[in-house]
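Undergrad: Sequence and predicted structure are below.
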Amino acid sequence: MNNKNKIISSIPVVAASYLGPALTPNLDVAWDEAQLPLSPDDLVQKIMGQPLRRAGRFIKLVCCGALVCLKSVPAEDLKGKKIGIFLATGLGNVDEILPFITQVFKEDGGFPSPNQFANSVSNAAAFFLAKVSEIKGVVLTISQEELSFESALWLAQSYLESGDIDLALVGGCDVFTPTVADYRERMDLRPDNHRSMPMGEGSSWLLLGDTSGKKIGNILSVELDYNSKTQQRLSSNENILSECEKIAGRVIGKQNKQKIILPGFRLIDMDHSFFKDKGWKVEDYLPHCGIHPTAIAYGLARAMLSGTSAFFVHCNYHASGRKTLVTAEST
Amino acid sequence: MSKGTIDIRGWGAVTTLGWSARESAKNLLSGNVRQADFCTSSHLTNREFKAFEVPSEKNPLDKSWAMMDSAITEAFSRAGLTASEIAESCLLVGTTGGLFIRNEYEFTEIVRQNPGKESPPIACRNRGPGEVADAIAQKYGIKGLAMTFSMACVSSSHALVVAAQLLEQEKFNRAIVVGFEPLLNLTLQGFASLLLYDSEQCRPFCANRSGMQLGEASSCVILERRAVSGQNSKIRYQFAGGYLFNDNNSLTSAGTDGELVKKVVEQSLTNAGVAVRDVVAIKAHGTGTRDNDLSEGRGLAKVFGKHLPPVISLKGAIGHTLGAAGAVETALWISCLEEGMLPRSFGFTQIDPELGFAPSQVNIPAMDGAYLCTFFGFGGTCTSYIIIKNP
């Protein structure tokens, strides 16, 4: 353990949903960075049956993304189950904080809205989600920059293992808040530490745990390697391949499965043909959701719903060099 | 949630009462406590708010870093951690504002340095709440898991309970839990907009209470599996277990009938294996708001009946330190235990007939045994845990 924080016991994935900047659940739809952020109100009406007038975009996207995931499971499969919510977000509800603090700092003395402050509190979105999904108990908001989702996944597995919950609703949500330049700065994006991609946003979710019903895949392992100096290693195709081969050997052994790499936004210079020659497909999900701190949630949820039986390795690293590897299989 | 032997190997805190948990405890116990005062920090734009500031000559941003460093260094020093022990530890941080103070400080400096010019819009440059954990991990060489809980007022109390559970599951051997909350315009103005301020004084459980007052603080608590510290360990304090629960009935209240508080406290006692009659004293959340104290007071009365042990809120002396409250109040409480005394609860003058009890009004000897700590927050969040003081 210690320097290598990992889980290796398989967690069934009961359901998944992915929502990108086009705000069209479970579909890859083109969008334009310059048009962001799109209004989520039609989506809210469609999914929740009523407008969430007093909530900001972050809260709306959290609720919509999670409800799409939950509603894809037959109600009887959830009946009597203790469900924990693990909301991962790198930046949180900046969309609510900024207007509030702008009012506070107005030269003529603004009138900050109490409702806006309430919505700007870090766990307001998790509360709204708990309320609309009627979940009580373990409801956690976890934030660790671009490792937020991996951390939440790791923690959810620990809770499932302890028996405190039966199912874990684990999601990643981050919203685009203008400007693009500010958004990039918040994510510590510099020319040499990420792939050249438009900025995006998303709210993507997995329902994990054991139900008697059908599962769509498994999360096989989550590894958070916090030894530094991995950045250089992961920026080389050879080293990425080596990491993927090693973890595939440990997790699936010699099973004959299609092997797919899901590259995170910090991986640069990915040579798809190099990996193809070595028997790996590179599935780049970022063009469909854009760069955002919890983009991995989109990539994994999309992989789970891909309909192909395959083994996935999601690779990424933090700007400081911390490496993360998540493996999954779709069934 | 967690049951088993988990030692509290080290702790440290910076509060309005001092730049260490020990100094804060000594001042608290000696009654060297000032009421909240009008804010002086250069980044705070409204001088009409009273709060519990940490005294410092540094600028607000440097002061915040210094508060964090001081609390961590005190905890590491008290625990006697080696570099390799620090490296192999995991890090759980509880914070609401994170490093948002950087935005506020930089903005107010630009305005101050450009008098007469139109203010630019404030920018949000910080990288989210997780930036604090990242900075700590890099500075101190912590290589274990780093994770931040951003859960309003229960951020670091939740982090402590989660850390204890993960230790019990042997996910790691040692957890460094940090609470960090500098004073912000964001929160001062926010709670004012919610009409949750008492402009005069923070008066936990008092009939005359009318709201909270904010404080700034930083803290670090180090939890460790007994298997690591050794069966013959001389560590006197244990984290015996706790419980976290999130209700979905109200965004701002834990239910004034006290039922939710009762449920959470009872479950934490069960998880810790501690009987109601064995609780020596209660470190209550006690914010001084009408609803919190009503929920909490009624809940405690339901659990303890006529045998309510001494109840103490620290917020009349240090203010509500929001996301840092769990770690800060735990560290300050243990330092009081080290001094052999429990502090009195500041800000109280009159029994609230709806509660029917007075929080402790004199310092009392800190007996060995079980101490109940409670925390409640925005979003229906509740944490409760037990700290054991051994001979």
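TA: That came through fine. Numbers count the residues shown, from 1 in each chain, chains lettered A, B, ... in the order given.

Undergrad: contacts, neighbours, all on C-alpha from now
TA: Fine.

Undergrad: could you pull out the helices for the stretch 101-250 of chain A?
TA: Applying DSSP state H, counting those that start in this stretch to the stretch 101-250 of chain A gives helices spanning A:114-120, A:124-132, A:148-162, A:180-186, A:231-234, A:237-251.

Undergrad: and the residue of the stretch 251-391 of chain B found nearest chain A, what does it touch?
TA: At 5.3 Å from chain A, residue B:379 is the closest residue in the stretch 251-391 of chain B, using C-alpha to the nearest C-alpha. Residues in contact with residue B:379, defined by C-alpha atoms under 8 Å, 6 or more residues apart in numbering or on different chains, are A:123-124, A:127, B:246-248, B:250-253.

Undergrad: Mind doing that once more with 10 Å?
TA: A:118, A:121-128, A:130-131, A:139, B:151-154, B:246-254 (C-alpha atoms under 10 Å, 6 or more residues apart in numbering or on different chains).

Undergrad: Generate the ChimeraX command that creates a selection of the buried members of those.
TA: Of these, the buried ones can be selected in ChimeraX as follows, counting by 16 or more other C-alpha atoms under 10 Å in any protein chain shown:
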select /A:118,121,122,123,124,125,126,127,128,130,131,139 /B:151,152,153,154,246,247,248,249,251,252,253,254
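
Undergrad: what about the residue of the stretch 251-391 of chain B closest to chain A, which SS state?
TA: Secondary structure for residue B:379, judged by DSSP: H, G, I helix; E, B strand; the rest coil, is coil.

Undergrad: for chain A, what are the nearby residues on the stretch 201-350 of chain B?
TA: B:243-252 (C-alpha under 10 Å from any C-alpha of the partner chain).

Undergrad: just for the chain, where's the confidence low?
TA: Just so you know, I chose chain A. In the predicted model, chain A carries pLDDT under 70 at residues A:1-8, A:107-110, A:227-235.

Undergrad: oops, chain B please
TA: Applying pLDDT under 70 to chain B flags residues B:1-4, B:231-232.

Undergrad: got CSV for the helices of the stretch 101-250 of chain A, with distance to residue B:360 too?
TA: Below are those laid out as CSV (distance: least, C-alpha to C-alpha, whole Å):
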stretch, distance to residue B:360
helix A:114-120, 33
helix A:124-132, 34
helix A:148-162, 37
helix A:180-186, 46
helix A:231-234, 55
helix A:237-251, 57
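
Undergrad: out of those, which comes closest to residue B:40?
TA: Residue B:40 sits nearest to helix A:114-120 of all the helices of the stretch 101-250 of chain A, at 23.2 Å, using C-alpha to C-alpha.

Undergrad: Can you give the contact residues for the closest one?
TA: With C-alpha under 10 Å, 6+ apart as the test, helix A:114-120 has contacts from A:54-56, A:58-59, A:92-101, A:113, A:124-125, A:128, B:186-187, B:189-195, B:251-252, B:378-379.

Undergrad: Can you tell me which of the residues you listed are classed as buried?
TA: With burial judged by 16+ other C-alpha under 10 Å, the buried subset of these is A:55-56, A:58-59, A:92-101, A:113, A:124-125, A:128, B:186-187, B:189-193, B:251-252, B:378-379.

Undergrad: need the strands for the chain, in chain order.
TA: Assuming you mean chain A. With strands called from DSSP state E, chain A shows them at A:4-7, A:11-17, A:83-88, A:139-143, A:167-174, A:202-209, A:217-225, A:258-263, A:280-282, A:310-317, A:323-330.

Undergrad: my bad, the chain I had in mind was chain B
TA: B:6-14, B:37-38, B:50-51, B:90-94, B:146-149, B:174-181, B:217-225, B:237-246, B:279-284, B:311-313, B:341-342, B:364-365, B:369-377, B:381-389.
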